[in-house]
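# Predicted structure and sequence below. I'll ask about it afterward.
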Amino acid sequence: MVKFASKAHFGALLVGTMVRVFLTFTSLSQFSTALAQQSQETWRPVELREPSAQERRIVEQVYGAFLRSAPDTRIEVARLDVNNDRVAELVVRMTHPRLCGANGCHTAILQAVVGRGGQSWEPVMERRSRVIETGAAPQGRPASLRIRVNGREIWEARPNGVYVAIASSFGERVNLRANASQPVLREVARMVGEDLNRRVRPEEVARNTFAGIVDLGPAGRFWIAQTSAMGVCGQVGCPALIMTADEQPKPIGRFGALEGSIHVGLWANGEPLIAAGSPEGVTLYAISNGRLVIRETTFASEVTPSP
Amino acid sequence: MSIKTDNPVGPLRHLMALTVILVLPLSILASEHAEAQNGGAGQGVGQAQCRFLDHWVQMESRGDHMAANGQSTAIGRWQMTQAAFADVGLVRQVSAVTNDHYGGREWSNVEFLDNPFGIRNLEDLRNNPAAQDYYGRLYHQAQWREAQRQGLVRDFVGQTVDVNGRRVAINESALLTCMGYLGAGDCGRMLRGQPMTNPGHAAHALWRMSVASACDGSDVAGQNTPVDAEANIAATADAQYCDPKVLERLEQTATVQVNAITALAGHPQVGYRTAEGASPLQAQGVDLARLLPDFDLATYFRDPRGPNGGITGQGVGPRINLPHGGFSTAGFRTLSCLDALLGGINIIFAPPSLPNILGILESYVCRQIEQLYARAVTPVNQSFFRDFGVGGIYVPFGAGVYTGGPPGVRINSGNVMTWSRNPIMFGNFDMFGRTNMSQNPVPESSRGIFAR
């Protein structure tokens, strides 16, 4: 039996809990609105089936090394012309304990490439998935279909055919505004100073810093500030700082993102996430023990190894 | 099938044929590479044939001043973002970027400051390549000064850094690329071995730096330090999107090549022979029919273009697809995935310098393969002149044969191929006719030549 020191203590806890429930509900509502907008688009599930012998050979050509080490891998495929060139690409999912996780199992779109030595197949998208769907490309984008993974994250093709995840599909964009408070600017100046290896005054970053408060439900409320001051940006984006939304904000982590590509959403378990877009894809963060941590990226690199 | 011997070839011709086998694929590659080099990125130490600024523009936009990135505010020949234009004093951001400002559609969130080009809005800027060039140069010059101020120039130019096991020699062009791609903070952290804000960007940053290291950075830095760009590229290529396949293919082709060359060098018709006429392989009791079951010397050396298919040494038989099928075409065809790999970064266009990049990488690996050939054949050369007793132990190929398979080719390790000191293995058989391949299996696709 939990004992409370006083009725006031109990009351405070009750109010606090109700506020948190309300905030969580509010956050969920926001994110579900975004998801609802997504779902208004027409998405068609990709039906996977057993591969033919030829399709299996294609998969073996691309993932031969892995398949030789794990011959019990289950392979499912579908044929789909994702780039509207009248040549069907091969969607493949490989199910094996080493290739599966909470997001599902390794799924790829393989595209036939004609090179100097003839035809071969190359992945243009790789991601773990349970469900994969296709939708029409938005206007003004390459004619390739869009791909939706697990009912949420959307991948779009670049003109060269390579698919990249879109940060906005992971949640709501964080609205950042000018005229950040002095305490926020002080922390941002400290971050920029670390980058430039010298002392930076808040006034030096004020003009190029934009900040906003995000409500991450149970995790709390936080300032997110991003700056493009003093040459700290690269093509992968500009540095951003996440701080507690107190009068004297305390940084809990920093990350980089393209300007305009910071989004907040929820993981499947209801935990809040921050999605930061970069030219290579999306980095997904969570708040763990009061610190910002990278949970996952959609990059096709060492962070998300492919088989 | 047995080996056909109805087409004897003299010893001199044997040597010529072997030379052709050795030289042909390399010369093909050399010519391809030379062709690829025209007007493109340079290679090797001290041979920079591109300038950093040109290279950057080509990589980013192919020089298209109307280029715009749909997923960021990057626009123009240099793919500079709003933040970059703010850095060089062309714009001032009055409100935050949203995705409405992506793709070069509109920049209602910025004020254009007074400038010598009279640019007042995004459209003006996109339509003014001269202004883009001016601000692009200014931007990289500012980044170079920042790199100098932070001590990155002093500490790293001319040095080799090791990032996650990948060793990259840094010159001015590579450092400028690092700054431009990652920004001052993460560039410095990566080079100094400190935790990066987003470590996932390191692999691609290193790759881009490696490619850029082939260029002369003196157009920004006023100085240029030559580095071995080919080695840089080879050291970082494995971090890329198609790494497993590229490496696997390298292993396979290298295995095929070296094994084939070694086998042919020991073949009684085209390879070295003892004074008694026995080939080194026969001296070891190797069953050549089993080793080269489909080998047809006449087919192998017949020039399909010549009258009656005369033996010229120029033709390459289809059964042993040594030069053409093995290396110069199929072998690195998968490197076309470099296209996808380069498309995986922020450039939205296929890079125009791709053939050059391919050429650099091909040339690098080619040289390594050449070394393998040399190592495979040198012991044969030595043994050719060695006196050995009849019935004695003859070890013609002391260096062994590259057997492929993991750990196999590791082009980033400095030792390009893992060279086995085990007995020679030809496909499924070692040179003693044993078939135990469990220790170091040859990749499936490499077995075809010798194990059909």
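Looks like it arrived, so ask away. Remember, predicted model here, so these are calculated numbers, not experimental data.
# Okay, now the unreliable bits of the chain?
This is for chain A. Low-confidence segments of chain A (pLDDT under 70): A:1-40, A:114-118, A:139-143, A:160, A:300-307.
# actually it's chain B I care about, not the one you picked
B:1-49, B:237-452.
# In contact with residue A:101, which residues?
residue A:128 (Cβ atoms under 8 Å, 6 or more residues apart in numbering or on different chains). For every residue, glycine as well, the C-beta is placed using N, CA and C.
# Next up, phi/psi of it, please.
phi -160, psi -160 (degrees, to the nearest 10).
# Quick check: it vs chain B, distance?
17 Å (Cβ to the nearest Cβ, to the nearest Å).
# if I look at that residue, how far off is residue A:286?
Plainly put, residue A:101 is 15 Å away from residue A:286 if you go by Cβ to Cβ, to the nearest Å.
# And for residue A:176?
From residue A:176 to residue A:286 the distance is 20 Å (Cβ to Cβ).
# same question, residue B:166
Distance, residue B:166 to residue A:286, using Cβ to Cβ: 29 Å.
# My understanding was that residue B:119 contacts residue B:131; is that so?
Yes: in this structure, residue B:119 is within contact of residue B:131 by Cβ atoms under 8 Å, at 5.7 Å.
# Residue A:191 contacts residue A:238, doesn't it?
No: applying Cβ under 8 Å as the test, residue A:191 and residue A:238 come out as separate, 10.8 Å apart.
# Which neighbours do those two have in common?
residue A:227.
# is the strand or helix carrying residue B:177 up against chain A anywhere?
Using DSSP states H and E, residue B:177 sits within helix B:172-191. Yes: using Cβ under 8 Å from any Cβ of the partner chain, helix B:172-191 reaches chain A at B:179-188.
# Neighbours of residue 126, how many?
Using chain A. By other Cβ atoms under 10 Å in any protein chain shown, 21 other residues sit near residue A:126.
# wait, chain B
20.
# Now do it against residue B:97, distance only.
In terms of Cβ to Cβ, residue B:126 sits 17 Å off from residue B:97.
# do residue A:76 as well
To residue B:97, residue A:76 is 41 Å away according to Cβ to Cβ.
# higher neighbour count, those two?
Shown here are residue A:76 and residue B:97; by other Cβ under 10 Å, residue B:97 has more neighbours (25 against 19).
# sorry, back to before: so what sits against both of residue B:119 and residue B:131?
residue B:125.
# Run through the strands of the stretch 201-307 of chain A in chain order.
A:209-215, A:221-227, A:238-244, A:251-257, A:262-266, A:272-278, A:281-288, A:291-297 (DSSP state E, counting those that start in this stretch).
# Partner strands of the second one and their direction?
I take that to be strand A:221-227. Strand A:221-227 has its sheet partners listed here by DSSP bridges as strand A:209-215 (antiparallel), strand A:238-244 (antiparallel).
# Run the angle between the last one and strand A:281-288 for me.
Put simply, strand A:238-244 runs at 20 degrees to strand A:281-288, going by axes from the mean of the first three to the mean of the last three Cα atoms, to 10 degrees.
# between strand A:238-244 and strand A:272-278, how many degrees?
Using the same axes, to 10 degrees: strand A:238-244 against strand A:272-278 is 170 degrees.
# Buried ones in strand A:238-244, by neighbour count?
The neighbour-count check on strand A:238-244 (16 or more other Cβ atoms under 10 Å in any protein chain shown) flags A:238-243 as buried.
# same deal with stretch A:127-134?
Quick answer for stretch A:127-134 (16+ other Cβ under 10 Å): A:127-129, A:132-134.
# and which of those residues is nearest to residue A:278?
Ranked by distance to residue A:278 (Cβ to Cβ), the buried residues of stretch A:127-134 are led by residue A:127 at 16.0 Å.
# coming back round to it: nearest approach to residue A:258 belongs to which of the strands paired with strand A:221-227?
strand A:238-244 (7.7 Å).
# Count residues in the vicinity of residue 204, would you?
Here I'm looking at chain A. For residue A:204, using other Cβ under 10 Å, the count is 19.
# Wait, chain B was what I had in mind.
When counting by other Cβ under 10 Å, one arrives at 28 neighbours for residue B:204.
# Any idea how many residues pack against residue A:103?
Neighbours around residue A:103, by other Cβ under 10 Å: 16.
# Relative to chain B, how far out is it?
17 Å.
# hang on, isn't residue A:294 packed against residue A:282?
No: using Cβ under 8 Å, residue A:294 is not in contact with residue A:282, being 11.2 Å away.
# And these two? Which one has more around it.
More crowded of residue A:294 and residue A:282, by other Cβ under 10 Å: residue A:282, with 24 against 18.
# who in the stretch 1-150 of chain B is up against chain A?
Near chain A, when you scan the stretch 1-150 of chain B using Cβ under 8 Å from any Cβ, you find B:69-74, B:79, B:81-84, B:86-87, B:92-99, B:101-103, B:142-143, B:146, B:149-150.
# Which of those are buried, as a PyMOL select command?
A single PyMOL command selects the buried members of those (16+ other Cβ under 10 Å):
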select buried, chain B and resi 69+70+71+72+73+74+79+81+82+83+84+86+87+93+96+97+98+99+101+102+103+142+143+146+150
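# In helices only, show me the residues of the stretch 1-150 of chain B next to chain A.
B:82-84, B:86-87, B:142-143, B:146, B:149 (DSSP state H).
# Backbone torsions only: list them for the residue lying closest to residue A:123 once chain neighbours are set aside.
Nearest residue to residue A:123 in three dimensions, chain neighbours excluded: residue A:108, at 4.5 Å (Cβ to Cβ, 6 or more residues apart in numbering or on different chains). Main-chain torsions, residue A:108, degrees, to the nearest 10: phi -140, psi 160.
# so which strand or helix has the nearest residue to residue B:76 once chain neighbours are set aside?
Nearest residue to residue B:76, sequence neighbours excluded (Cβ to Cβ, 6+ apart): residue B:132, at 4.3 Å. For residue B:132, the enclosing helix or strand under DSSP H and E is helix B:129-149.
# Now do that helix: everything it contacts.
With contacts defined as Cβ under 8 Å, 6+ apart, helix B:129-149 is touched by A:196, A:198, A:231, B:52-53, B:56-57, B:65, B:76-78, B:80, B:84-85, B:87-88, B:90, B:115-117, B:119, B:124-125, B:153-154, B:172, B:175-176, B:179-180, B:184, B:187, B:220-221.
# tell me which residues in that helix are buried?
Neighbour-count burial for helix B:129-149 flags B:129, B:131-144, B:146-147 (criterion: 16+ other Cβ under 10 Å).
# next one: stretch A:211-225
Buried, per 16+ other Cβ under 10 Å, within stretch A:211-225: A:211-212, A:214-217, A:219-220, A:222-225.
# Tell me which stretches of chain A form helices.
Under DSSP H, chain A gives helices at A:7-40, A:53-69, A:182-196, A:202-206.
# What are the contacting residues of the last one?
The one in question is helix A:202-206. A:180, A:182, A:185-186, A:188-189, A:192, A:227, A:229-230.
# Then stretch A:135-153?
By Cβ under 8 Å, 6+ apart, stretch A:135-153 touches A:35, A:38, A:41-44, A:80, A:82-84, A:103-104, A:107, A:109, A:125, A:127, A:129-134, A:154-159, A:161, A:163, A:165-166, A:169-170, A:282, A:298, B:70, B:103.
# Please pick the buried ones from those residues.
Buried members of those, counted by 16+ other Cβ under 10 Å: A:38, A:43, A:80, A:82-83, A:103-104, A:107, A:109, A:125, A:127, A:129, A:132-134, A:154-158, A:161, A:163, A:165-166, A:169-170, A:282, A:298, B:70, B:103.
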